[in-house]
Structures are given as C-alpha cells and as structure tokens.
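The sequence and its predicted three-dimensional model are supplied below.
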Amino acid sequence: MKIIPIEPDHALVELLKRSGLPTSDINQPGSIYFFGCHQSGRLIGSVGIEICDTVAMLRSLATHEDVRKSGFGQALVKHAELNASLMEIEALYLLTTTAADFFSRLGYQHLCRQHAPAAIRETNQFSDLCPSTSSFMRKLL
C-alpha cells in the first residue's frame, strides 16, 4: 500500500462523510496535511495532521468500509506519526467517539480535556466540531 500526500478534495470529503467525520474545516490553508491511499483509482483511506506549534491533532482517519480491519488504518496512523516526527512535532493529540480502543493499541493514552495544550484547544476539532463526550488522547513522539 502506497500512502501519499492528498488534497482536501471531493473524494476526501465523501470518505470522511461516509465515516461520520467532520469536513467543514478541512480546507484551512497551510495548517492541515492530509495523506491517503488509493485502490483501483479510488480513495480508500485518509489521515490528517493539523499542526499547532510543536504539537498536532491527528484527525480525519477514515477507511472505506470495504477495507476496514485490514491494516489500512494502522498504516495511515503510522505514516502520520512519521511525518509529524519529521516536522519535529513533540506529541499528537486526537478526539474520537468510536476508536479509543484502536488508538490505545497504537500507544495513545487517555487525557482529560482540561489538560489539552492551548494550541490544541484552539482548533476547530477541539472547540467546535467534536462532541464534549469524545475521548481525548495523546501520544508523545
């Protein structure tokens, strides 16, 4: 599987919508980097990192229902972590309503939302788009 940088285009919006993830803020110039993988010419997986100073939000992890539970999600997360490390990001944070166990298996730890760095609290994901009941997690890189 080849994971490449992708643009926030119609295919990404559709994949995120099918996965129940927010799309209203994916076109913020310069702060969100998306990666994806394709199969037979269609986008089947995505992940994003939203840079917030020396930390970042891991976001927009989605896989097409036809390829779920086949390792694509884990590969996308590892790719995002590697790119974040190369950008000298110290930690990745995320919010999830459905995948806390998945992220725990990848080394992410639960945190109370009040322990979020100011730069993370200012993201749309944290402040507006994800429900307050979402699990808040972090992985130090």
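Thanks, I have the structure now. None of the values given here were measured: they were computed from a predicted structure. Numbering: from 1, shown residues only.

residue ranges for the strands of this protein, please.
3-6, 32-39, 42-52, 55-63, 91-96, 109-111, 135-140 (DSSP state E).

Redo the ones you listed as TSV? Include mean pLDDT and distance to Leu15.
The C-beta positions use only the backbone N, C-alpha and C, and glycine is treated the same way. Formatted as TSV, the strands of the chain follow (pLDDT from 0 to 100; distance: least, C-beta to C-beta, whole Å):
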stretch	mean pLDDT	distance to Leu15
strand 3-6	97	10
strand 32-39	95	8
strand 42-52	95	5
strand 55-63	95	5
strand 91-96	96	17
strand 109-111	96	27
strand 135-140	96	22
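
Next up, the contacts around Gly36.
Applying C-beta atoms under 8 Å, 6 or more residues apart in numbering, one finds that Gly36 lies in contact with 3-4, 6, 12, 43, 45-47, 76.

Can you tell me the closest non-neighbouring residue to it?
Leaving aside its sequence neighbours, Gly36 sits nearest to Ile6 (C-beta to C-beta, 6 or more residues apart in numbering; 4.0 Å).

what does Cys112 give?
The nearest residue in space to Cys112 (C-beta to C-beta, 6+ apart) is Phe136, at 7.1 Å.

which non-adjacent residue is nearest Glu7?
Using C-beta to C-beta, 6+ apart, the nearest residue to Glu7 is Phe34, at 7.1 Å.

ugh, wrong one, Ile26
Nearest non-adjacent residue to Ile26, counting by C-beta to C-beta, 6+ apart: Pro8, 4.2 Å away.

do Thr54 as well
Counting by C-beta to C-beta, 6+ apart, the nearest residue to Thr54 once its immediate chain neighbours are dropped is Glu90, at 4.9 Å.
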